[in-house]
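# just a sequence and a predicted model for now, questions to come.
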Amino acid sequence: MALIERFQKTTDVGYWEGQIPMNYIYTVGRAGEKFFREIIAGKLFGARCDVCKITYVPPRTYCEKCFARLEESYVEVGTKGTVHTFTQCYETFDGVKKKDPSIVAVIRIDGTDGGLVHWLGEVDFEKVSIGMPVEAVFKAKKDREGNILDIKYFKPVK
Amino acid sequence: MRRVAIVGAGLTKFYRNTQETPKELAYEATKMALDSCEMKLSDIDCVVNGTAPDAFDGVHMKGEYLSDGSGAYRKPYMRHFVGGGTGVLSPIHGWFHVASGMFDTCLVVAEEKMSSAYPHPAGAFLTIFDHTTEQPLYPTLIYIFAIEMNRFMTTHGYRKEDIALVAVKNKKNALDHPSAQIPGEVTVQDVLNSEIMAWPVNRLDISPTSDGAACIVLAAEHVARRITEKPIWIDGCGWSLDTAYWCTRDLYYPDYLEVAARQAYKMAGIKEPHKEIHVAEPYDPFTYKELHHIEGLMLAPRGKSVEMLVNGHFNRDGNLPTSPSGGLLGVGNPIAAAGLMKIMEVYLQLKGAAGKRQVPGNPTCGVANAWGDLMQVGTVVVLRK
């Protein structure tokens, strides 16, 4: 076996430090324009495929099952849902310990087949359960920018 | 379609940090595979390469970069990539080349070097998520798996301390694997007491960051019979992709895998997988994932895998040994190479060449699977002797 014995850090051997230097501007897309414009108004929208009887949230321009166009089929879906599943996360996306672990959940929006992943707030982790009813909490209207963070988190429905 | 056999295999050690470049890792595995069946590079008609995100090794067009180390100099060469599912798509991709009649021999090479990326290679996963509805929330790979594990546990009433037995079993099996990165004797308490990453996932529920490479040599029947007295046949292949909108899936059951497994079993003529399959390498980057995949491969009824695990059914000397290699939890997880390591383990088990890891009972049929992309791709291969 040619591989050398284990060492602790990649910098213990010869190396060159580099990057993939690139930043990105992602367009939200056609369905995204609708979704995020309505989010500014404090509303959630989906797209309904009447053939497959599916309501997609977030909305899409097409049904992935039958390939129908759905741009004429956007529907308001309300801001309430249930916790489909959840976790409490102790690390950031790049492996750094978090001081304040966040609760993350997949929210099934009521009356739809769609799910949003988002944070849960105004609740202790021990109190969270699968099936718990929750609703979206939006930022103050003047602070909304038309992105997913206009929803601050979902909180339990009292 | 022609029958296709595996006739040779090679595997590097798996380490957290290797000095070798990705090309050098690919070369070591490929050279070892050729040597294992006394073949020369000039005996090889074509090469396929499996390797996961370019962002790990930090080289765009990683397939092209790896080509020479994979033995592809001036040969027909293709790279494939389905995230974590890549390593078991690799032999399928090679199988196409030989089964079609286009080529008689094919090298199948899988490589990953995750240690190049820092502060942590997990950061590369941020951009697999939807860029406008998910990335702003900084999702982590561990938390989406924690979310899936929670759904799986809650639906079936599984206990975390029982699921932890997968880590105990696989790390112990890995003690007998010469490539193993994190083998060991651990207890359920060790797993439960290890650092919490994202509830209900603890440190010892997860496979490590790894560097490594694997290679198998494929041959058409008339060539295989000249090379070895014990060709191991690729008798079934299956692959499928569920919706990329992972939040819309139930997550408690791996439909992506059942679809792929049914395709592979149909091709192999397998009607009762739990009886006809003697050894399995279900994909185990996380403890619960081995059980999730045992159910998706239909080797256990839904909701029964934990009971069977607790009763020793999946131990190396059990009725249906799973991950006798030690799996990703014990041997390590250089993504694409880990999947191909599992194929290689089934190959060695059927050949009777697994040494101290050999399962008893002269197994004649085995299966391996892998899983990846955004939690929705299933790749399955059935091998027979």
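Okay, I see it.

# tell me what the helix or strand where residue B:106 lies is packed against?
Using DSSP states H and E, residue B:106 sits within strand B:105-113. Under the contact criterion of 3 or more CB pairs under 8 Å, 6 or more residues apart in numbering or on different chains; DSSP states H and E, the helices and strands touching strand B:105-113 comprise helix B:22-36, strand B:46-50, helix B:54-57, helix B:86-99, strand B:211-220, helix B:335-351. The C-beta positions use only the backbone N, C-alpha and C, and glycine is treated the same way.

# pull the distance from the longest one to the chain's centre.
Okay, so that is helix B:335-351. Distance of helix B:335-351 from its chain centroid, counting by CA atoms, centre = their mean, to the nearest Å, is 7 Å.

# check stretch B:374-385 too.
In this view, stretch B:374-385 has its centroid 8 Å away from the chain centroid, taken as CA atoms, centre = their mean.

# same question, stretch B:223-237
If you compare the mean C-alpha spot of stretch B:223-237 with that of the full chain, they lie 20 Å apart, counting by CA atoms, centre = their mean.

# next, the buried residues of it.
When burial is assessed from 16 or more other CB atoms under 10 Å in any protein chain shown, stretch B:223-237 yields the following buried residues: B:223, B:224, B:227, B:228, B:231, B:232, B:233, B:234, B:235, B:236, B:237.

# tell me the contacts of the closest residue to residue B:333 other than its chain neighbours?
Take residue B:333 and drop its neighbours on the chain: the residue closest to it by CB to CB, 6 or more residues apart in numbering or on different chains is residue B:207, 3.7 Å away. The neighbours of residue B:207, taking CB atoms under 8 Å, 6 or more residues apart in numbering or on different chains as the test, are B:284, B:285, B:286, B:327, B:328, B:329, B:332, B:333, B:338.

# remind me which helix or strand the fifth one belongs to.
When you say that, I think you mean residue B:328. Counting by DSSP H and E, the secondary-structure element that holds residue B:328 is helix B:327-330.

# next, the buried residues of that helix.
By neighbour count, with 16+ other CB under 10 Å as the criterion, the buried positions of helix B:327-330 are B:327, B:328, B:329, B:330.

# closest to chain A out of the residues you listed?
When the buried residues of helix B:327-330 are ranked by distance to chain A (CB to the nearest CB), residue B:330 comes first, at 16.0 Å.

# next, count neighbours for the residue lying closest to residue B:109 once chain neighbours are set aside.
Nearest non-adjacent residue to residue B:109, counting by CB to CB, 6+ apart: residue B:70, 4.0 Å away. Counted with other CB atoms under 10 Å in any protein chain shown, the neighbours of residue B:70 add up to 29.

# ok, residue B:70 - contacts?
Contact partners of residue B:70, counting by CB under 8 Å, 6+ apart, are B:26, B:27, B:30, B:47, B:49, B:77, B:107, B:109, B:111, B:215.

# and for residue B:197?
Counting by CB under 8 Å, 6+ apart, residue B:197 touches A:89, A:90, A:91, B:142, B:146, B:203, B:205, B:206.

# let's go with 10 Å and repeat that
Residue B:197 makes contacts with A:87, A:89-91, A:95, A:97, B:140, B:142-143, B:145-146, B:203-206, as judged by CB atoms under 10 Å, 6 or more residues apart in numbering or on different chains.

# and those residues, which are buried?
Among those, the ones that count as buried (16+ other CB under 10 Å) are A:87, A:89-91, A:95, B:140, B:142-143, B:145-146, B:204-206.

# relative to residue B:14, which of those is nearest.
Ranked by distance to residue B:14 (CB to CB), these are led by residue B:206 at 14.7 Å.

# check what pLDDT the spatially closest residue to the closest one that is not a sequence neighbour gets.
With CB to CB, 6+ apart as the criterion, residue B:206 has its nearest non-adjacent residue at 5.8 Å, and that residue is residue B:286. The predicted local confidence for residue B:286 comes out at a pLDDT of 98.

# could you give the bridge partners of the residue most central in space within chain A?
When chain A is reduced to its mean C-alpha position, the nearest residue by CA atoms, centre = their mean turns out to be residue A:117, at 3.5 Å. When bridges are assigned using DSSP bridges, the partners listed for residue A:117 are residue A:106.

# now do the strands in chain A.
Taking DSSP state E, the strands of chain A run over residues A:45-49, A:54-56, A:74-76, A:80-91, A:97-109, A:115-119, A:133-138, A:151-156.

# packing partners of the fifth one?
Secondary-structure packing of strand A:97-109 (3 or more CB pairs under 10 Å, 6 or more residues apart in numbering or on different chains; DSSP states H and E): strand A:80-91, strand A:115-119, strand A:133-138, strand A:151-156, helix B:141-156, strand B:196-199.
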